[in-house]
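*Asks:* This is a predicted model, with the sequence first.
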Amino acid sequence: MESSSDRTGGTTTPLQDRLGRARTDLLDIFDAIGEMLAEAGLSPQPTAAAADRLRDNRFDLVVLGQYKRGKTTFINALLGQDLLPTAIVPLTNIATRVRYASHPSTLVTLLDGRVDEVPLDDLHLYTTQKGNPDNQKRVALVEVGVPAMALRDGTTVTDTPGIASIFEQNTRAAMDYVPQADAAIFLVNADPPISEAERAFLKEVRPYMAKLFFVQNKIDQVSQTDQEESLAFTRQVIEETTGERDIVIYPLSARTALEAKLANDPLALRQSRFDRFERDLHRFLQQGKGRALLTSSASKAMRLLASLRSRAELERHSLEMDLADLVAKAEAFDRHLGDVERARFEDKAVLRAQVGRLVAEYIDARLEAFQAEQLPQLRAALAAYARQPHRVSPLRFKEALRSHAMALIKASLEAWEGAQEEVLAQLLKELLRRFTDQTNALLSRIAADCEALFGVRFDLFVPEEELPADSRFYHGDWFVADGIDLAVGVAMTLLPLALVRRKIVVGTHRGMAEKLNMECGRLRYDFVRRIEARIQEFSASMDDHLARAIRDIREVVQRTVALRREREEEVAAARARVGDQIARYTALDARLRAISEDAPA
């Protein structure tokens, strides 16, 4: 095979030469789009970040999936190190990127742009719900540097929070990260198989990914027959969702693989079936990463270019219209926006009413039924405990009974919330999906009005959002370990011991009912507070989409109207400028499509 010299004095293959030329062309395009964004008064930062990653050959491999699918353990197995924190409860709540470094390091980027270096042992204090509840520390991203050979070629691996529970920031963090990634590993479990939430999430993220690996994790927890049945079902759902055929799914056990690597046990590693996935991933990173990186970078550039082109087309049409007609249409557009705002107000009122019904018909009703069912069982369990031998004073007997009653109540409530969480999450997700659909309908209405009035169609759409994962319901702080008390006075100590104990049991039974009711109220408040916070943030996010769409159109039209009214002599120059912009956008778009289609595999 022919080869040429590279800049280090070595040789490159024709494939590497083609990749190098395509990368250079794409970097030139990013520079041009950045200048165009600045000219339009928009931030060039998105192009700068994408260009930096392409220039440094950084390839971001993101691990996605529902909460408790073993994403963090999977990454640890991939690295061969017990690096990222894992737990029996859903844990990760901040995107955590792992990159190569000669010495271990941890950088925490905050939402205000500050970057702090922290000890690796303190990683859990920033990336987990327990260490950083509700992201109170305002962390944007955590980057961990480790001397892992798998990452020496510029590949980074990112752990994302799980989706499809009830914790507002986690899915938002996962989805916010998706457009930055170049390829993804999508994890599902053998039991249960792929869920509706995972299917919807996959449908949303698929367009962003040049390459997508599918992994069925935790095969060690099911029989061979069940694993194969789950695999067939998952394959069918994925193929129907993506429209792709003959997809490859890797059944494996990340936990077994990690333990095998830590113990240097090659037989156990083979039994985990992790090695097959690693071989194919390594082959892709060696042979297919270049094309995937170019394709994903070109896709990012095309999305930015499409936005610029719509703005330029709108300005061109506004410049070519009769001024009186333009003013009339601008006023008509504003009137239509008034209708949009009224519809938005009605949508929000409906959303609030639906939340109220969700609380009343699901949470309140279920908690009431739970108390009625559980109280007799709890009292029976407490009575059985009281009948056991307790060779202690009445005061210590009272305290032992009280502590046992508290433990019974807490265990029953935690079991109940764990059982209800996924159902409630699904109900809330459906509610927010309807609200998203309403937002998209309004955006489509704005786009249609713009096209009807000005002859330009904007691509306005909000991607469907999944509900975020909420680890809080597994280790929340709603429970208060007090509230059951019974005084044991001097007079009571003079009574026969059996009678004293009966009185203590009866009093504890009564206190148990009051405590159960109190803690159900606390749990209800915790559920409702989180639902309302999620609704408020989600509604604000949708409002922001609408506001940006309206601002983009209004700014162009209002600026053009002002120019036509005040400086008519400059209109010809403005037309020439916009025509030149559109020609540049068209030429760049053609170059981008050529890179996407022709990048060597």
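*Replies:* Now that the structure is in, tell me what you want to look at. Note that this is a predicted model, so its numbers are computed, not measured. Numbering: from 1, shown residues only.

*Asks:* how about the strands of this protein, start to end?
*Replies:* Remark: strands of the chain, listed N- to C-terminal, are 4-5, 11-12, 59-65, 96-100, 105-110, 115-117, 139-146, 155-159, 183-189, 211-217, 249-251; assignment by DSSP state E.

*Asks:* Now tabulate the ones you listed in a markdown table and tack on mean pLDDT.
*Replies:* Below are the strands of the chain laid out as a markdown table (pLDDT from 0 to 100):
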| stretch | mean pLDDT |
| --- | --- |
| strand 4-5 | 40 |
| strand 11-12 | 50 |
| strand 59-65 | 85 |
| strand 96-100 | 87 |
| strand 105-110 | 86 |
| strand 115-117 | 86 |
| strand 139-146 | 85 |
| strand 155-159 | 86 |
| strand 183-189 | 90 |
| strand 211-217 | 91 |
| strand 249-251 | 94 |
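
*Asks:* Just give the closest residue to Gln354, not the sequence neighbours.
*Replies:* Leu431 (5.4 Å; C-beta to C-beta, 6 or more residues apart in numbering). In short, each C-beta sits where N, CA and C put it, glycine included.

*Asks:* What's the separation between that neighbour and Leu123?
*Replies:* Leu431 sits 35 Å away from Leu123, taking C-beta to C-beta, to the nearest Å as the criterion.

*Asks:* Please apply the same query to Arg235.
*Replies:* Arg235 sits 35 Å away from Leu123 when distances are taken as C-beta to C-beta.

*Asks:* any idea where the helices of the stretch 451-600 of the chain begin and end?
*Replies:* With DSSP state H, counting those that start in this stretch as the definition, the stretch 451-600 of the chain shows helices at residue ranges 490-493, 497-566, 571-598.

*Asks:* Select, out of the ones you listed, the one closest to Glu373.
*Replies:* If you check each of the helices of the stretch 451-600 of the chain against Glu373 by C-beta to C-beta, helix 497-566 wins as the nearest, at 11.1 Å.

*Asks:* Quick one: work out the angle between that closest one and helix 571-598.
*Replies:* Interaxial angle of helix 497-566 relative to helix 571-598 (axes from the mean of the first three to the mean of the last three C-alpha atoms, to 10 degrees): 130 degrees.

*Asks:* and Ile553, how many residues sit next to it?
*Replies:* For Ile553, the neighbour count with other C-beta atoms under 10 Å is 25.

*Asks:* swap that for Phe527, please
*Replies:* Look at Phe527: counted by other C-beta under 10 Å, it has 25 neighbours.

*Asks:* contacting residues around the nearest residue to it once chain neighbours are set aside?
*Replies:* Take Phe527 and drop its neighbours on the chain: the residue closest to it by C-beta to C-beta, 6+ apart is Ile363, 5.5 Å away. Contacts for Ile363 (C-beta atoms under 8 Å, 6 or more residues apart in numbering) come out as Leu424, Arg524, Phe527, Val528.

*Asks:* quick one: Asp325 from Arg316, how far?
*Replies:* Counting by C-beta to C-beta, the gap between Asp325 and Arg316 amounts to 15 Å.

*Asks:* I meant to write Pro251 there.
*Replies:* 55 Å.

*Asks:* check contacts around Glu566.
*Replies:* For Glu566, no residue meets the contact criterion (C-beta under 8 Å, 6+ apart).

*Asks:* So, low pLDDT: which residues of the protein?
*Replies:* Flagging of the chain using pLDDT under 70 yields the residue ranges 1-16, 86-93, 162-177, 179, 418, 421-422, 426, 461-497, 598-601.

*Asks:* please redo it, this time with the cut-off set to 50
*Replies:* Along the chain, segments meeting pLDDT under 50 span 1-11, 87-91, 165-168, 170, 463-481, 486-491.

*Asks:* Which segments of it make up each domain?
*Replies:* For the chain, automatic domain parsing gives the domain ranges 58-78+151-300, 311-566.

*Asks:* Redo the ones you listed as CSV? Include distance to Val118.
*Replies:* Written out in CSV, the entries for these read as follows (distance: least, C-beta to C-beta, whole Å):
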stretch, distance to Val118
domain 58-78+151-300, 17
domain 311-566, 21
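
*Asks:* circling back: for the helices of the stretch 451-600 of the chain, give me CSV that also has distance to Glu143.
*Replies:* Listed next are the helices of the stretch 451-600 of the chain as CSV, based on distance: least, C-beta to C-beta, whole Å:
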stretch, distance to Glu143
helix 490-493, 63
helix 497-566, 25
helix 571-598, 28
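
*Asks:* rewinding a little: who's more crowded, Pro251 and Arg316?
*Replies:* Higher neighbour count among Pro251 and Arg316: Arg316, with 22 against 19, using other C-beta under 10 Å.

*Asks:* was I right about that one contacting Val578?
*Replies:* Yes. Contact criterion C-beta atoms under 8 Å: Arg316 and Val578 qualify, at 4.6 Å.

*Asks:* what's around Arg338, how many residues?
*Replies:* If you look again at residue 338, you'll see it is Gly, not Arg. The burial count for Gly338: 9, using other C-beta under 10 Å.

*Asks:* Over to Val178?
*Replies:* Residues contacting Val178 under the criterion other C-beta under 10 Å number 19.

*Asks:* what does Asn135 give?
*Replies:* By the criterion of other C-beta under 10 Å, Asn135 has 18 neighbours.
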